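any chance you could fold what I've pasted below:
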Amino acid sequence: MTAPAGFGELIRISGPDGAWGRVRADLGAHGVVLLYAVLADWRPDRAGGPRLRALLGRDWARYLELTHPEVRVRFAASRVLLKFAAAAVLEVPAHLIELTYGPTGRPYLRGYDAVDISLSHTDDLLLVGMTTRGVIGVDAERADRRLYGPGLGKHLCTPHELELLEQFPESERNDALVRLWTLKEAYSKAIGQGMQFRFTDFGFGPGAPATVNMPDGQPGTGSEWMFRTYGVDDDYVVSVAVGDRGFGETEDTAAVTMLESSFVDALTEVLGEDESESADEDAFGRW
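Sure, this is the predicted structure:
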């Protein structure tokens with residue numbers, strides 16, 4: 001797969017011993033890194049109860065509240081993948097990463113805002129995005145999801161997008177709409193609005209690079225935003241939105257060089273305890 005300008009390639013992570021060096025290198029080179037995994041490689045039943053509880057941290061209670069088995073599996077696997085990814089970038093053990101959530105459910109790294117994160121999962125695909133540029137949103141959908149049909153103008157598309165879709169051959173309209181859907185989801189996540197921002201209030205054009213448009217097709221954002229769409233094994237469509245806050249990129253993301261000294265002292269103390277305890281199993285590096 002050829003990486004679009006400004007972004008690296010999608011990196012597959014096949015387990016806790018995955019290509020974390022590539023993740024760090026991509027983030028350093030592009031200020032953005034995108035990684036994905038297959039659910040089977042991150043199923044939480046591969047971890048014992050105490051290890052999974054430590055990895056999930058504050059999400060443990062939410063995990064226990066979920067009643068649907070597959071929903072529980074995806075919830076746990078996606079959070080564990082996200083924490084391992086953040087741990088690789090911050091250079092700390094995964095079980096020390098804590099997530100917090102905004103009003104719309106958007107995840108953040110607690111106590112560390114130099115790296116923004118986003119998460120998506122659908123069926124057997126898990127997707128994580130991280131950036132040091134500003135804010136990021138990612139979304140993944142099945143490529144064969146049926147979206148095109150009556151009522152698009154009420155729920156999914158702006159008037160301008162409807163006009164553009166009608167210009168596609170009928171056989172290509174659903175594919176174009178899946179792309180639009182993932183771009184809208186990614187942008188909504190990046191700005192922290194989730195589904196509160198109606199998809200009929202903003203749109204995207206049919207070409208690349210994508211840009212945010214007003215409902216009438218006029219430009220809605222400037223060069224501070226970048227968007228890209230990828231395909232994964234012809235089964236999934238993945239989109240990413242990255243917004244530049246204008247503060248420049250964070251070159252060194254290691255926690256010990258970026259966090260305030262009191263936090264580093266506490267972190268060092270915890271790490272020292274971890275190194276002395278064999279029960280930690282190399283900071284949960286193995287399932």
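
sketch out the low-pLDDT regions of the stretch 101-250 of the chain for me.
Along the stretch 101-250 of the chain, the model assigns pLDDT under 70 to residues 153, 194-196, 208, 246-250.

in a strand, that's where Val240 is, yeah?
Yes: applying DSSP: H, G, I helix; E, B strand; the rest coil, one finds Val240 inside a strand.

unless I'm mixing things up, it is touching Ala140, no?
No: the criterion here is Cβ atoms under 8 Å, and Val240 misses it with Ala140 at 10.0 Å. Where you see a C-beta, it was placed from the backbone N, CA and C, and this is true even at glycine.

which of the two has more neighbours?
Higher neighbour count among Val240 and Ala140: Val240, with 30 against 24, using other Cβ atoms under 10 Å.

give me the distance between the more buried one and Leu119.
12 Å (Cβ to Cβ, to the nearest Å).

which residues do these two both contact?
Common contacts of Val240 and Leu119, defined by Cβ atoms under 8 Å, 6 or more residues apart in numbering, comprise 129, 138.

just the strands in the stretch 151-287 of the chain please.
203-204, 212-213, 225-232, 236-244 (DSSP state E, counting those that start in this stretch).

would JSON lines of the ones you listed with distance to Leu55 be doable?
As requested, the strands of the stretch 151-287 of the chain are exported to JSON lines (distance: least, Cβ to Cβ, whole Å):
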{"stretch": "strand 203-204", "distance to Leu55": "36"}
{"stretch": "strand 212-213", "distance to Leu55": "36"}
{"stretch": "strand 225-232", "distance to Leu55": "25"}
{"stretch": "strand 236-244", "distance to Leu55": "25"}
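
which of these sits closest to Ala94?
strand 236-244 (22.9 Å; Cβ to Cβ).

burial measure for Gly134, as a count.
What Gly134 shows, counting by other Cβ under 10 Å, is a neighbour count of 19.

then Leu82?
25.

name the SS class of it, please.
Following three-state DSSP, we place Leu82 in the helix state.

quick check: Ser171 vs Tyr148, distance?
Separation of Ser171 from Tyr148 (Cβ to Cβ) stands at 10 Å.

of those two, who's got more company?
Neighbours of Ser171 and Tyr148, each counted by other Cβ under 10 Å, are more numerous for Tyr148; the result is 18 against 7.

host element of that one?
Element membership of Tyr148, judged by DSSP states H and E, is empty: it is in no helix or strand.

A strand includes Val128, no?
Yes: applying three-state DSSP, one finds Val128 inside a strand.

just confirm Val138 contacts Ala186, I think it does.
Yes: here Val138 lies in contact with Ala186, judged by Cβ under 8 Å, at a distance of 5.6 Å.

residues shared between the contacts of these two?
Here Val138 and Ala186 have 118, 239-241 as joint contacts, going by Cβ under 8 Å, 6+ apart.

how about these, which pair is most distant?
In terms of Cβ to Cβ, these reach their longest pairwise distance at Ser118 and Ser239, which sit 10.8 Å apart.

what touches both of those two?
In contact with both Ser118 and Ser239: 138, 186, using Cβ under 8 Å, 6+ apart.

more neighbours: which of those two?
Comparing Ser118 with Ser239 by other Cβ under 10 Å, the one with more neighbours is Ser239, at 28 against 24.

who does the more buried one bridge with?
Legend: beta-bridge partners of Ser239 under DSSP bridges are Asp139, Thr229.

likewise the one 4 residues further on?
The partner list for Gly243 in beta bridges (DSSP bridges) reads Val135, Trp225.

shouldn't it be in contact with Gly222?
No: at 10.4 Å, Gly243 does not count as touching Gly222 under the criterion of Cβ under 8 Å.

okay then, goodbye and thanks.
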